[in-house]
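A.B. asks: model this:
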Amino acid sequence: MAKLRTAVIGCGGISQVHLTALEKMDNVELVCVADIKEDRAKARAEAFGCAYTTDWKELVDRDDIDVVHICTPHYLHAPMAIALLDAGKRVLTEKPMASEVADAQEMIRHAGGRLGVVFQNRYNQASQVIRAAIADGRYGKLLALRAAVNWHRTKEYYVESGWRGRFATEGGGVLINQAIHTLDLLIYFAGKPASVRGKVSTDALYDVIEVEDTAHGLIRFESGLTANFYCTNCFGIDRPVEIELVFERATLKTDAETLYETVGQDTRVLVASQAAGEKAYWGTSHEALIRDFYRAAEEDRPFWIDGESALPVLKLLKGVYRSSETGEEIPL
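C.D. replies: Residues are numbered from 1 along each chain as shown. From the prediction side, this is the model:
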């Protein structure tokens, strides 16, 4: 089978994860990387043995590229994806799929079954065990969920990026950039959200950024379940994400990718995390998602985490912003 010819737009930190995964795959040929900063694009190209460009639009009309990964600032996801999709490419974009709901919906209209969105934590073994436990009812009825994201972001993280910390380019703060993965898992476990009520604030870097660094709220799902969430970039370190699910006969709790089961007074580890290193709290399933995306491409079928699958969490977090402004519960 012919290799799928690939390009990556955006050569910042997350591109390293994508490129490392692609390098391990026998069915992929990395053709080109793109970044407006030539030194950064050139460095990635030299490291991974491909060409580079400073103009992503060159990739749109090239007939030697089948798949494009978008690893750029949030506000660029939609226009880039739409142009590439219209040119017949398959597109895998980092989260969020767009910074605004209307832009995400426009991406869906252009997708043609060729769009994928990166929510790699759905592939975590802990996530899969939780999904199976909900489906087979082994612990009885699921009663409630909660999630907590306690991370740390510095002034330099925002200022040096050139785009973070502003609504026009980031689309929000801790909700859309950090906690989005955790909110997506709550939806993955509990189903379609019906409404949300929440608050956002800028507690630590109020003199640096215009977006929120802290948020909390209550999600109501169509199933009747509720989930509480709290997320912040003001904690002193990056703590592993916690998600807790309370069933009739047990409690499941994640600490990063480790999954604990508590029945009565007894707690045991169901899944031991393999995550290690400085960025372990991101999750370790990018490679699994990327490989699965390419399997879908080879079989010429839609990828399961497509625009429709990724849209609910964007609507949810945007609902939190509206709720914080109005003080009302926002239907989704």
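
A.B. asks: Let me know the helix or strand that Arg301 is in.
C.D. replies: Here Arg301, judged by DSSP states H and E, is contained in no helix and no strand.

A.B. asks: where does the closest residue to it other than its chain neighbours land in three-state SS?
C.D. replies: Once flanking residues are discounted, Arg301 sits nearest to Gly113: 7.3 Å by Cβ to Cβ, 6 or more residues apart in numbering. C-betas here are computed from N, CA, C, even on glycine. Of the three states, Gly113 takes coil under DSSP: H, G, I helix; E, B strand; the rest coil.

A.B. asks: Next, count neighbours for Gly113.
C.D. replies: 13 (other Cβ atoms under 10 Å).

A.B. asks: Ala98 versus that one, what's the distance?
C.D. replies: 18 Å (Cβ to Cβ, to the nearest Å).

A.B. asks: In this structure Ala297 contacts Lys3, no?
C.D. replies: No: using Cβ atoms under 8 Å as the test, Ala297 is too far from Lys3 to be in contact (11.1 Å).

A.B. asks: Next one: the residue nearest to Arg301 relative to Arg90, how far apart?
C.D. replies: The gap separating Gly113 from Arg90 is 9 Å, by Cβ to Cβ.

A.B. asks: What residues does Leu252 make contact with?
C.D. replies: By Cβ atoms under 8 Å, 6 or more residues apart in numbering, the contact set of Leu252 is Val129, Ile130, Ala133, Tyr139, Glu244, Leu245, Leu259, Tyr260, Glu261, Thr262, Leu270.

A.B. asks: Any idea what it is bridged to?
C.D. replies: Following DSSP bridges, Leu252 is listed with bridge partners Leu245, Glu261.

A.B. asks: Distance of it relative to Glu244?
C.D. replies: As defined by Cβ to Cβ, Leu252 lies at a distance of 7 Å from Glu244.

A.B. asks: State the distance from Glu244 to Glu46.
C.D. replies: Here the criterion is Cβ to Cβ. By it, Glu244 lies 45 Å from Glu46.

A.B. asks: go on, Leu4?
C.D. replies: Taking Cβ to Cβ as the measure, Leu4 falls 22 Å from Glu46.

A.B. asks: Sweet, I'm off.
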